[in-house]
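Engineer: how would this look folded up:
(2 chains)
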2 protein chains.
Amino acid sequence: MRGEDEIIRHLRRRFPAGGRVRVGIGDDAAVLAGDAGRDWVVTTDLLVEGVHFVRHWQPARAVGWKALARSLSDIAAMGAQPVAALVALAVPAGTPEAWVKDFFDGLALLSRRFNVRVIGGDLSSAAQVVADVQVLGEVGHGHALLRRGARPGDLLLVSGALGLAQLGLLCLRHRVASVRPLLKRAVRRHFYPKPRLKLARALRRYRPTALMDLSDGLSTDLHRLCEASGVGARLEAARIPTVNLPPPVARRFRTSVLDLALHGGEDYELLFTLPKSRAARLSPTLAGSKLTPIGEITRARGVVMVDAEGLRMRLKPQGWDHFRREG
Amino acid sequence: MRGEDEIIRHLRRRFPAGGRVRVGIGDDAAVLAGDAGRDWVVTTDLLVEGVHFVRHWQPARAVGWKALARSLSDIAAMGAQPVAALVALAVPAGTPEAWVKDFFDGLALLSRRFNVRVIGGDLSSAAQVVADVQVLGEVGHGHALLRRGARPGDLLLVSGALGLAQLGLLCLRHRVASVRPLLKRAVRRHFYPKPRLKLARALRRYRPTALMDLSDGLSTDLHRLCEASGVGARLEAARIPTVNLPPPVARRFRTSVLDLALHGGEDYELLFTLPKSRAARLSPTLAGSKLTPIGEITRARGVVMVDAEGLRMRLKPQGWDHFRREG
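Structural biologist: Numbering: from 1, shown residues only, chains lettered A, B, ... in the order given. The predicted structure follows:
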């Protein structure tokens, strides 16, 4: 099987947009023309045991929270307002009823925070837990924020710090039950990611030329943004906001803060581009999130990373890809 | 784990309807108030390998077709017009790319037939194939057909003949590659069920008091309709439209045509109720489907079946239930 992105390219040709479908396959969410000056934004996200989470590590509430958070983050990435959710859940036969209830409790916690109504779903059994959550959102006619408008010369920016969720995953994988506040925060972020809905709506005012959420890691998602826009990017390694991980811990985890930031998934921060003129008006903090310029969009395709010494290297996608297998 | 219906009751209390949510958890699909005199109808349906289908029996095209057909049938059951679909698909690592393409080919075939646009989705890996398809449909404001309005004295009717899809499943299970036209038709029905979209919309004119699709078998689904409406039903066994199965084949499969009709799932025919005055105006065939009165709604709760000799027995739900386990 080739990579996920290639399958998606095939499907985009197979099921093109057009008519009432303003945005079809390939962006964070699809956009359907509605009536009365509003568009509908819809998305669906799978959360699979053993792929996206390990059941023995993750409380059921965290699984339910994250199942919804992934879809809400897609709605945020379109600058839209979430309205309602459908939840499909398959669990192995013999799963304790308490697990299912806790799953929905975690999901309900997040849904209340953003006033999203759970309006339906489906239940089944399966060999492993599989959750699929759809969210329907609204946005003013033609106002959805897409991936496809980045232009050469635009600044590339990111919200928050990158790599925290991946650090949390490493803590769980290495069985580090640390009292260090950073590691506790990292595990919490891995369990309960926060969709940047308020931030995305606040950013709409600045008319980002492209915007998406970081679900599969900066190195993978930046390539997606560039491909959708038909451009490339130059990334400045020293400017990427990383987590403040002490070197001994990084060594123990066999990682670096830059690796975490580049290739760690599930931060659900926002990656976006702005013409420099509009970027100049942007405050460094918006809706509680720090905003950091990390590079520039280029006409030349591909992503080049420049390190602190000025060395240039080509950055390949190394985030999550559910289909790619080593050839 | 208690039965699926009990979990759904719990979730209906946890996530009640209200506000823009005209119909929440518990009907065939949810209804969301839209603008400009239209409501949105949304549904999601899981199709799980080993639960809903066996991969070695079923061509990938049939799996893709059925994944969409299940959701379209829910949209039909609301009397709505489907507009767009999202497709989440998880497959085991190493699944041939051709399988994935064939899956989407089968799905595309059905989507074109009903002019449904595939606008997005998600891909992942999993231990077994899991497909989850959401469909968004439209219906005039307040015109969705619900399960909850059946009243004592209403006639209970069903479309088509029941048990054909289950007979197809038995053919596969017993490895009967028959040349009998009936069995070939049964396997085809099991593989490529037909959502009754045209029929449901034609029925809207007669204002059914309750309507739903038969996905889990008449014995299970009729209980759901009765519970939603707060009524019971008297079913006349002799009037239930069954398949015309020769007794030797029935014996070989250890079943009867009545068992197939009562407890076989996946016929995706429509079950509905009408006041007798309006039923009298109904033609016996509508939109190509035969319509058969099979009983009457009663004030007394529960479902009673009367056989050809006038013997009454209580009918229990024995269709599909993904969570119930023998206590």
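Engineer: residues near the nearest residue to A:Gln128 once chain neighbours are set aside, how many?
Structural biologist: Leaving aside its chain neighbours, A:Gln128 sits nearest to A:Glu49 (4.0 Å; criterion: C-beta to C-beta, 6 or more residues apart in numbering or on different chains). The C-beta positions use only the backbone N, C-alpha and C, and glycine is treated the same way. Residues within reach of A:Glu49, counting by other C-beta atoms under 10 Å in any protein chain shown, total 22.
Engineer: Test of understanding: give the bridge partners of A:Glu49.
Structural biologist: A:Phe53 (DSSP bridges).
Engineer: list the contacts for it?
Structural biologist: Residues near A:Glu49 by C-beta atoms under 8 Å, 6 or more residues apart in numbering or on different chains: A:Arg55, A:Gln128, A:Val129, A:Val130.
Engineer: Could you report the neighbour count for the last one?
Structural biologist: Other residues near A:Val130 number 29, with proximity taken as other C-beta under 10 Å.
Engineer: Could you do the third one as well?
Structural biologist: By the measure other C-beta under 10 Å, the count of residues near A:Val129 is 25.
Engineer: quick one, what contacts it?
Structural biologist: A:Val48, A:Glu49, A:Arg55, A:Val63, A:Leu89, A:Ala90, A:Val91, A:Pro92, A:Thr95.
Engineer: Looks like the fourth one contacts A:Leu47 (just checking).
Structural biologist: If I follow you right, that is A:Val63. Yes: between A:Val63 and A:Leu47 there is a contact under C-beta atoms under 8 Å: 6.9 Å.
Engineer: so what sits against both of the two?
Structural biologist: Joint contacts of A:Val63 and A:Leu47 (C-beta under 8 Å, 6+ apart) are A:Phe53, A:Ala131.
Engineer: what's downstream of the helix or strand bottoming out on mean pLDDT in chain A, the next helix or strand?
Structural biologist: Least confident helix or strand, chain A: helix A:4-14 with a mean of 87, by mean pLDDT, DSSP states H and E. Using DSSP states H and E, the helix or strand that follows helix A:4-14 towards the C-terminus is strand A:21-23.
Engineer: in its sheet, what does the helix or strand just after that following strand sit against?
Structural biologist: Counting by DSSP H and E, the next helix or strand C-terminal to strand A:21-23 is strand A:30-33. Sheet pairing of strand A:30-33 (DSSP bridges) gives strand A:21-23 (antiparallel), strand A:38-48 (antiparallel).
Engineer: Let's see which of the contacts of A:Val129 end up in strands.
Structural biologist: Those of these mapping onto strands are A:Val48, A:Leu89, A:Ala90, A:Val91, per DSSP state E.
Engineer: Poorly predicted segments of chain A, please.
Structural biologist: A:1-2, A:177-179, A:320-327 (pLDDT under 70).
Engineer: What residue spans form the domains of it?
Structural biologist: Domain assignment for chain A, taken from automatic domain parsing, gives A:4-140, A:155-314.
Engineer: which parts of the stretch 101-250 of chain A sit against chain B?
Structural biologist: A:101, A:104, A:108, A:111, A:117-128, A:130, A:132, A:134, A:136 (C-beta under 8 Å from any C-beta of the partner chain).
Engineer: try 7 Å
Structural biologist: A:104, A:108, A:117-128, A:130, A:132, A:134, A:136 (C-beta under 7 Å from any C-beta of the partner chain).
Engineer: Sort out for me which of those residues are in helices.
Structural biologist: A:Phe104, A:Ala108 (DSSP state H).
Engineer: circling back to that earlier point, of the strands paired with strand A:30-33, flag the one that's most buried.
Structural biologist: strand A:38-48 (a mean of 25; mean count of other C-beta atoms under 10 Å in any protein chain shown).
Engineer: Need the distance between the two termini of stretch A:212-224.
Structural biologist: Stretch A:212-224 has its terminal residues 9 Å apart, counting by C-alpha to C-alpha, to the nearest Å.
Engineer: So what's the gap between it and the chain middle?
Structural biologist: On the basis of C-alpha atoms, centre = their mean, to the nearest Å, stretch A:212-224 sits 7 Å off its chain's mean C-alpha point.
Engineer: I would like the residues contacting it, please.
Structural biologist: A:28, A:70, A:73-74, A:76-77, A:147, A:162, A:225, A:233, A:261-271, A:303, A:315-321 (C-beta atoms under 7 Å, 6 or more residues apart in numbering or on different chains).
Engineer: switch the cut-off to 6 Å
Structural biologist: Stretch A:212-224 has contacts (C-beta atoms under 6 Å, 6 or more residues apart in numbering or on different chains) with A:28, A:73, A:77, A:147, A:162, A:225, A:233, A:262-265, A:267-271, A:303, A:315, A:317-320.
Engineer: Return the members of these classed as buried.
Structural biologist: The neighbour count (16 or more other C-beta atoms under 10 Å in any protein chain shown) marks A:28, A:73, A:77, A:147, A:162, A:225, A:233, A:262-265, A:267-271, A:303, A:315, A:317, A:319-320 as buried among these.
Engineer: Among those residues, which are located in strands?
Structural biologist: Using DSSP E, the buried ones among the contacts of stretch A:212-224 in strands are A:Ala233, A:Leu270, A:Leu271, A:Val303.
Engineer: Quickly note the distance from the last one to chain B.
Structural biologist: It refers to A:Val303. Per C-beta to the nearest C-beta, to the nearest Å, A:Val303 is found 23 Å from chain B.
Engineer: Looks like that residue contacts A:Val231 (just checking).
Structural biologist: No: using C-beta atoms under 6 Å, A:Val303 makes no contact with A:Val231, being 10.1 Å away.
Engineer: So of the ones in strands among the buried ones among the contacts of stretch A:212-224, which two are at opposite extremes in space?
Structural biologist: Of all pairs drawn from those, the greatest distance, 17.7 Å, lies between A:Leu270 and A:Val303 (C-beta to C-beta).
Engineer: For the stretch 51-200 of chain A, just list every one of the strands.
Structural biologist: In the stretch 51-200 of chain A, the segments counted as strands under DSSP state E, counting those that start in this stretch are A:81-91, A:117-125, A:130-140, A:155-159.
Engineer: Next, count neighbours for the nearest residue to A:Ala33 once chain neighbours are set aside.
Structural biologist: In space, and not counting its chain neighbours, A:Ala33 is closest to A:Arg20: 4.6 Å by C-beta to C-beta, 6+ apart. Residues within reach of A:Arg20, counting by other C-beta under 10 Å, total 15.
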